[in-house]
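S.K.: Sharing a sequence plus its predicted fold:
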Amino acid sequence: MLLAGMIAGPLYVMVSLLEVASRDGFDPRRHAWSQLANGDFGWIHSATLIVSGLLVVIGALGWRRSLGSRAWIFLAGYGLSMVAAGIFRADAGNGFPPGSPATTELSSHGALHFLAGAIGFPCLVVACFLVARRMLGTFSRITGAVFGAGFLALVAGRGQAWSLLAFTVAVILASAWITIVSVKLRGAK
């Protein structure tokens, strides 16, 4: 189970970075990674979110056995939010995929995508601070603070380049954190 937690983050980040580099019209200064779920190859990002989210949930079950903390519950909540975000894709817009209008009305799918993040992102922050009590104290607290600040920046920035890039950095850091905690727990067995 801990192996699933080890590979969830790198899988999500690597596939997303490959998509960013290869999808025509995608600009990380103008588009959130979630928008990659749109267009001809959007199924790749949706599937990556779902698979990575399920791996996070499985990893959380491994944390339950190894960590002795309630952090696993919040990590599982984050993983389930990834699954929901993969099922309910973000709306197209700001010219991505190519041909999309600059602005669009929020669809029910887009609203549910945002709701998944609004539930899952705070869960990850809580998990970071709970883990900090047992291991990787400073790194876990910094990860929780950066991820929380990245989420707030995304909301406050409303699509501005600085907010999208700040959240992208936060996602990469949080993905690395999940991997590192899982590796440490697996090594402690």
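M.R.: Great, that's in hand.

S.K.: Could you list the buried residues of stretch 149-159?
M.R.: For stretch 149-159, burial by neighbour count (16 or more other CB atoms under 10 Å) applies to 150, 151, 153, 154. No exception for glycine: its C-beta is placed from N, CA and C like everyone else's.

S.K.: was I right about the last one contacting residue 161?
M.R.: No: Residue 154 is not in contact with residue 161 according to CB atoms under 8 Å; the separation is 11.8 Å.

S.K.: show me what contacts the residue nearest the centre of the chain?
M.R.: Nearest residue to the geometric centre of the chain (CA atoms, centre = their mean): residue 171, 5.4 Å. By CB atoms under 8 Å, 6 or more residues apart in numbering, the contact list for residue 171 reads 13, 33, 147, 150.

S.K.: Secondary structure element for it, which one?
M.R.: Element membership of residue 171, judged by DSSP states H and E, is helix 161-187.

S.K.: Ok, residue 122 next?
M.R.: Going by DSSP H and E, residue 122 is part of helix 108-132.

S.K.: following that helix, which helix or strand shows up next?
M.R.: Immediately after helix 108-132, counting by DSSP H and E, sits helix 137-157.

S.K.: Figure out the length between the terminal residues of stretch 86-105.
M.R.: Across stretch 86-105, the terminal residues are separated by 20 Å (CA to CA, to the nearest Å).

S.K.: if we can go back for a sec, please point out which parts of the helix holding residue 171 sit buried.
M.R.: Buried-residue list, helix 161-187, by 16+ other CB under 10 Å: 163-164, 166-168, 170-175, 177-182, 185-186.

S.K.: Also stretch 49-66?
M.R.: In stretch 49-66, counting by 16+ other CB under 10 Å, buried: 49-64, 66.
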